[in-house]
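# Compute the structure for the input listed below.
(one chain, ligands or ions: 2)
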Amino acid sequence: MRKRPNHGSLRMAKVAYPLGLCVGLFIYIAYIKWHRASATQAFFSIASAASAARWSQQAHSPPGTAARGHEVFYGIMFDAGSTGTRVHIFHFARPPGETPTLTHETFKALKPGLSAYADDVEKSSQGIQELLDVAKQDIPFDFWKATPLVLKATAGLRLLPGEKAQKLLQKVEEVFKASPFLVGDDCVSIMNGTDEGVSAWITVNFLTGSLKTPGRSSVGVLDLGGGSTQITFLPRVEGTLQTSPPGYLTALQVFNRTYRLYSYRSGATLTQMLLHSYLGLGLMSARLAILGGVEGKPAKDGKELVSPCLPPGFKGEWEHAEVTYRLSGTTAEASLHALCASRVSEVLRDRVHRTEDVKHVDFYAFSYYYDLAAHVGLIGPYQHGEHLPTTVTTVSEDGGPWKPGICNSQCPGALSGPSPAMGLSGSVCHASADGRAISPPDAEKGGSLTVGDFEIAAKYVCRTLETQPRHGPFTCMDLTYISTLLQEFGFPRTTELKLTRKIDNVETSWALGAIFHYIDSLSRQKSPAS
Ligand SMILES: O=c1[nH]cnc2c1ncn2[C@@H]1O[C@H](COP(=O)(O)OP(=O)(O)O)[C@@H](O)[C@H]1O
Ligand SMILES: [Ca+2]
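Ligands and ions are numbered 1, 2, ... in the order given. Next up is the predicted model:
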């Protein structure tokens with residue numbers, strides 16, 4: 001965990017004499033006054049963020065060592081997602097004459113999403129207030145007025161009828177305007193899917209350092225939310241630019257370079273891609289589609305939704321977008337996975353644009369890609385090929401100890417996940433010193449796996465649904481959906497994906513890219529000529 005900067009004590013330590021202390025105090029007070037008077041002057045353009053990345057990554061300066069005179073500033077981005085609302089509080093520092101760098105992120109998430117309050121708008125303010133309180137505790141009082149506060153909503157609000165969504169946004173704006181932070185007229189909005197994809201791409205490429213070196217390969221980004229999904233990457237093969245349907249490509253001016261991005265937004269028709277939001281390929285919306293339900297509508301006559309992707313004989317209820325559905329599995333079938341995969345393929349047919357170029361780009365996948373992989377143990381504390389500490393004894397599937405060594409097919413141990421004997425490349429050794437207790441997957445660490453691993457895991461989970469209900473009734477469906485979706489995008493089974501929740505201790509989310517953009521627009525408003 002990075003430490004928060006402590007500029008106060010640093011300043012004090014360097015001012016050795018009383019006179020120096022007075023001068024220092026005078027400069028400090030003058031600085032704070034200037035800062036309050038010119039809130040947006042403190043902000044930088046995306047272009048300087050590139051150098052910030054360079055500064056941060058090359059100098060490796062921990063924020064706590066910031067020297068005297070560093071300018072410190074903050075930005076607050078709320079992500080109103082379909083399944084939850086999250087606050088990201090970004091801390092920046094700018095040394096004199098240098099460009100700023102991101103020094104820390106404070107993050108907190110709440111469930112359910114804002115859209116769950118569509119019929120009780122008043123209730124929505126409680127969670128927003130709670131997250132604002134986190135920001136107040138995190139940001140020093142003197143900086144509140146100068147700190148921009150923004151909320152962007154994604155699929156959950158896009159799916160609501162316009163009037164309901166607007167009421168929710170108005171409520172949030174009311175709460176924001178009563179807060180002590182810097183709130184503009186555009187502080188609360190629904191973000192379109194293209195901006196969502198592009199912002200996530202900027203975040204990941206900023207954090208991986210790809211943006212700092214011109215010419216260095218950028219990475220692609222896969223985001224699977226509850227209501228929508230994004231795949232965003234910079235095509236490496238010229239052909240993709242020529243063959244992509246109109247509307248799939250978007251130009252982005254970052255760091256004095258124009259990037260041409262390919263951004264596919266779920267469900268949008270080809271020509272409406274950039275203009276019209278047709279949702280439905282996020283994991284929760286996809287579940288509903290696979291079950292044969294309709295978004296926002298109860299099943300006809302309260303009928304059960306029956307699916308081969310659910311455990312045979314399963315009966316249960318599932319709530320989605322304020323509607324409760326009665327669910328039922330089919331009677332036991334020989335190959336649940338094959339039936340489920342065929343239903344998923346039906347749902348995805350003609351809805352996903354396939355491109356060869358994904359084969360030539362390294363991809364980072366997060367959100368539900370990450371959650372599902374961690375849930376079934378595809379990623380975890382020890383990765384395939386990793387040397388295990390000698391104190392660690394791996395645990396075999398029946399609970400017996402295995403020898404310490406390299407995590408490979410000799411070391412299954414995936415008690416909560418599929419058997420590596422099935423050929424999983426990302427197999428995890430859940431290990432413990434006594435050879436019995438099993439450590440849960442490390443939520444922060446992430447890992448790599450192949451696209452085919454999702455399919456193998458799906459087959460395993462679907463096959464053992466009846467005997468191992470601990471994965472939950474949706475895991476067969478979810479894994480089958482993810483593996484089919486990735487293959488529909490054009491990924492070969494052998495493609496390796498990096499699954500991560502955080503990079504360099506910062507959440508992989510569109511939030512950072514979006515705050516860069518917002519801060520940039522503030523500075524443009526301040527000096528339109530630049
Ligand atoms: O900042 C984040 N950090 C970690 N996980 C996140 C973050 N934002 C979203 N997620 C993940 O995204 C998934 C839900 O997506 P979300 O609620 O944002 O739907 P949406 O993007 O379709 O609106 C969950 O897997 C959740 O853990
Ligand atoms: Ca999201």
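
# ok, is stretch 466-483 in contact with ligand 1 or not?
No. Judged by Cβ under 6 Å from any ligand atom, stretch 466-483 makes no contact with ligand 1; its nearest approach is 10.6 Å. In short, each C-beta sits where N, CA and C put it, glycine included.

# Show me which positions of that stretch end up buried.
471, 473, 474, 475, 476, 477, 478, 479, 480, 481, 482, 483 (16 or more other Cβ atoms under 10 Å).

# Please identify which of those is nearest to residue 100.
residue 482 (37.0 Å; Cβ to Cβ).

# Just give me the neighbour total for the residue lying closest to that closest one once chain neighbours are set aside.
Nearest residue to residue 482, sequence neighbours excluded (Cβ to Cβ, 6 or more residues apart in numbering): residue 454, at 5.1 Å. Burial of residue 454 is recorded as 31 neighbouring residues (other Cβ atoms under 10 Å).

# give me the element residue 454 is part of.
helix 451-463 (DSSP states H and E).

# before we move on, what about residue 513?
Residue 513 belongs to helix 511-526, assigned by DSSP H and E.

# And residue 104, by the same measure?
Using DSSP H and E, residue 104 falls in strand 101-110.

# Now do that strand: which elements does it pack against?
Judged by 3 or more Cβ pairs under 8 Å, 6 or more residues apart in numbering; DSSP states H and E, strand 101-110 is in contact with helix 46-59, strand 85-94, helix 121-138, strand 506-507.

# Residue 448 and residue 378 touch, don't they?
No. Contact criterion Cβ atoms under 8 Å: residue 448 and residue 378 do not qualify, at 9.9 Å.

# quick one, which of those two is more surrounded?
residue 378 (29 against 18).

# measure the more buried one to ligand 2 for me?
21 Å (Cβ to the ion, to the nearest Å).

# show me the contacts for the closest residue to ligand 1 within the stretch 1-150 of the chain.
As assessed by Cβ to the nearest ligand atom, ligand 1 sits closest to residue 81 within the stretch 1-150 of the chain, at 2.5 Å. Counting by Cβ atoms under 8 Å, 6 or more residues apart in numbering, residue 81 touches 113, 153, 154, 155, 156, 225, 226.

# Tabulate these in TSV, adding columns for pLDDT, secondary structure and neighbour count.
Shown next, in TSV, are these (pLDDT from 0 to 100; DSSP: H, G, I helix; E, B strand; the rest coil; neighbours: other Cβ atoms under 10 Å):
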residue	pLDDT	secondary structure	neighbour count
113	96	coil	27
153	98	strand	25
154	96	coil	31
155	93	helix	30
156	93	helix	30
225	94	coil	27
226	94	coil	26
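
# Rebuild those residues as CSV, extending it with distance to residue 303.
Formatted as CSV, those follow (distance: Cβ to Cβ, whole Å):
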residue, distance to residue 303
113, 27
153, 32
154, 30
155, 26
156, 26
225, 28
226, 24
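
# still on that earlier bit, what helices or strands is the helix holding residue 454 leaning on?
So helix 451-463, by 3+ Cβ pairs under 8 Å, 6+ apart, packs with helix 336-348, helix 368-375, helix 475-489.

# any idea which of those helices is most buried?
Among these, ranked by average contacts under mean count of other Cβ atoms under 10 Å, first place goes to helix 475-489 (a mean of 25).

# could you point out which element follows it?
Moving toward the C-terminus from helix 475-489, the next helix or strand (DSSP H and E) is strand 496-499.

# How about the residues of the stretch 201-350 of the chain by ligand 2?
residue 225 (Cβ under 5 Å from the ion).

# Ignore what I typed, I meant the chain.
Counting by Cβ under 5 Å from the ion, the chain sits next to ligand 2 at 81, 225.

# switch to 8 Å and redo it
79, 81-82, 154-155, 196, 223, 225-226, 228, 367, 509-510 (Cβ under 8 Å from the ion).

# Please tell me how far the closest residue to ligand 2 within the stretch 1-150 of the chain sits from residue 87.
Ligand 2 sits closest to residue 81 of the stretch 1-150 of the chain, with a gap of 4.1 Å, by Cβ to the ion. As judged by Cβ to Cβ, to the nearest Å, residue 81 and residue 87 stand 12 Å apart.

# Tell me where the model's unsure across the stretch 1-150 of the chain.
1-68, 99 (pLDDT under 70).

# mind running it again at 90?
The stretch 1-150 of the chain contains residues with pLDDT under 90 at 1-71, 93-101.
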